[in-house]
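Chemist: predicted model, plus sequence, below.
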Amino acid sequence: MSHRMKVWGLLPEFGRAQLKLTTAAKKGLGDPVLVELVVLRASQVNRCAFCIDMHVRNLREAGVSPRRIDLLPAWEEAGDLYSERERAALALTEAVTVLTDGHVPDAVYDRAAAHFTESELAHLIAVIVAINNWNRVNVTVRQPPGEEL
């Protein structure tokens with residue numbers, strides 16, 4: 001597949017706004033590994049090669065074990081490899097990303113709310129929304145992995 005357009009270069013204000021949105025969303029979570037797991041999982045669901053490549057590299061640089069990175073697509077079956085807090089965040093990530101039923105199920109939301117303060121939960125939702133926006137743009141224009149935005 002070939003790169004369709006350099007949307008981020010064509011719309012620099014949009015790119016700066018997206019970066020500010022992402023930065024603001026991440027500020028209230030405090031756990032950079034949790035954030036990277038969430039954004040990697042959303043990127044996997046959305047099949048965004050550019051973002052998958054970037055967030056796998058970020059997790060490796062943060063010292064996350066290859067096993068935790070490799071098994072992320074099967075996090076529900078991975079036992080104690082992910083904490084309850086991480087699993088709650090990943091379940092919410094998938095529910096917000098897919099929205100196949102047109103809503104986020106109460107059980108998924110309540111599970112996340114049990115592990116995050118209200119402010120943290122708001123930031124988590126914002127991170128999920130922000131990465132989905134990055135994914136949708138990058139998938140649409142076929143942003144190549146490893147290339148500058």
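Modeler: In hand now; what should we look at? Numbers count the residues shown, from 1 in each chain.

Chemist: next up, the contacts around residue 7.
Modeler: 14, 137, 140-141 (Cβ atoms under 8 Å, 6 or more residues apart in numbering). Where you see a C-beta, it was placed from the backbone N, CA and C, and this is true even at glycine.

Chemist: quick one: contacts for residue 98?
Modeler: Contacts of residue 98 by Cβ under 8 Å, 6+ apart are residue 45.

Chemist: repeat for residue 115
Modeler: 84-85, 88-89.

Chemist: and residue 131, how close does it get to residue 96?
Modeler: 10 Å (Cβ to Cβ, to the nearest Å).

Chemist: quick check: buried residues in the host helix or strand of residue 57?
Modeler: Using DSSP states H and E, the element containing residue 57 is helix 49-61. By neighbour count on 16 or more other Cβ atoms under 10 Å, the buried set for helix 49-61 is 49-56, 58-59.

Chemist: show me what the strand or helix carrying residue 110 is packed up against.
Modeler: For residue 110, the enclosing helix or strand under DSSP H and E is helix 106-113. When contacts are defined as 3 or more Cβ pairs under 8 Å, 6 or more residues apart in numbering; DSSP states H and E, helix 106-113 sits against helix 84-98, helix 118-141.

Chemist: quick one: these as a markdown table, columns for mean pLDDT and distance to residue 105 too.
Modeler: Shown next, in a markdown table, are the helices and strands packed on helix 106-113 (pLDDT from 0 to 100; distance: least, Cβ to Cβ, whole Å):
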| stretch | mean pLDDT | distance to residue 105 |
| --- | --- | --- |
| helix 84-98 | 98 | 6 |
| helix 118-141 | 98 | 14 |
